[in-house]
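Engineer: Sequence first, predicted model second:
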Amino acid sequence: MVHVIIHDEAISKVSMEFETEEEAYNFYNTYAYNVGFSIRMSKGLKDKDGKMRDRTFCCSCEGSRGNDKRNVNVNSIVQKQGKYQVLEFIAEHNHVTSSPIKSHLHRSQRRLIVAQAAEIEMAEASGIAPKSSLELMARRASGRENLGFILDDCLNYIHTKRTIQMRARDTDAKMMEAYSNFGDVVCFDTTYRKNHDLAMLGKKPRTILTDQSAAMPKALEFRWPETYHRLCIWHMYQNAAKHLSSVFQKFLQFAPDFGDCIYEYEEEDEFINARNKMLERYDLKDNVWLHQQFKLKEKQALVYDRDVFCANMTTTQ
């Protein structure tokens, strides 16, 4: 009876193949959403090169009862000839699944996308309570079931953000000491009042990361003309969330495609081609903000700084 309302092609079958472990996980997670349960990664085995050879995904309740060691709702995959193949699939549960209309509440079905995280931060900075912010976002998404996260996720995100900020303040003294000793890379936050302390040390860094402040390029060119200037990717994502919020919410694949253009490509022509395909796929060829960002591509896309020392730093946060 579990599969009465599910199309046959959406159910795992032995010998079914996937290109990647992530693709197999997403397929099983979609199946779980339709049935009404949450999943998690279980045991896995890597080969001598550290690549995952086989992996078991299971219902989040599997193995939780000490007096019941049966395998329940298990999906096991094994790598064969470069692909992952389903080795075993057990559909039964030893518990009652939820109604599919409540599937959005399960942990494996929830996630915050970049645009939503940015909106949560802006709401908090404006004094809007998380619950009120969530209600507004849910109305725009035509219901909480379409939002992709719950209030607990919102509160956890805010807590994590505050914790990071507190730790950052505690590291000021260590930062000053490290800069006096090394001074190769500087992350410059134009909203932080103590930045002038760095300038007083009299050292010129090899690379500096800043937000997209209009005054920074001229100031840096005048003060440190030999220093390589990059833009903070975190701030760039924040701006993208503001200017492209509707695109992030409408297309789940846009965030990965956007991120690939920033991080993944080794050659400039690959980056240009990928960006053009992204603009075409999401009908953004006339987007003014994206065209403005393209003029700054040498300071944002990592393809342009492969030979520049940045100490693996891409953000001021």
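Structural biologist: Ah, there it is.

Engineer: going forward, measure contacts between C-alpha atoms and count neighbours the same way
Structural biologist: OK.

Engineer: how deep is residue 20 tucked in, by neighbour count?
Structural biologist: 14 (other C-alpha atoms under 10 Å).

Engineer: What does the pLDDT read for it?
Structural biologist: pLDDT recorded at residue 20 is 88.

Engineer: Also residue 100?
Structural biologist: 73.

Engineer: Would you map the strands across the stretch 51-200 of the chain?
Structural biologist: Secondary structure of the stretch 51-200 of the chain (DSSP state E, counting those that start in this stretch): strands at 52-59, 74-80, 83-90, 185-188.

Engineer: Select, out of the ones you listed, the one closest to residue 156.
Structural biologist: strand 52-59 (23.5 Å; C-alpha to C-alpha).

Engineer: which other residues reach that closest one?
Structural biologist: 21, 25, 28, 37-47, 72-79, 84 (C-alpha atoms under 8 Å, 6 or more residues apart in numbering).

Engineer: Which element, helix or strand, includes residue 44?
Structural biologist: strand 39-46 (DSSP states H and E).

Engineer: What are the buried residues along that strand?
Structural biologist: 39-40, 42 (16 or more other C-alpha atoms under 10 Å).

Engineer: And stretch 51-65, by the same measure?
Structural biologist: 52-62.

Engineer: Out of these, which is nearest to residue 229?
Structural biologist: residue 52 (38.4 Å).

Engineer: Could you report the pLDDT at that closest one?
Structural biologist: At residue 52, pLDDT is 84.

Engineer: who does it bridge with?
Structural biologist: residue 46 (DSSP bridges).

Engineer: What's the separation between it and residue 58?
Structural biologist: Residue 52 sits at a distance of 17 Å from residue 58 (criterion: C-alpha to C-alpha, to the nearest Å).

Engineer: Among the buried residues of strand 39-46, show me the least confident.
Structural biologist: Within the buried residues of strand 39-46, pLDDT is lowest for residue 42, at 85.

Engineer: Enumerate every residue touching that residue.
Structural biologist: 55-58.
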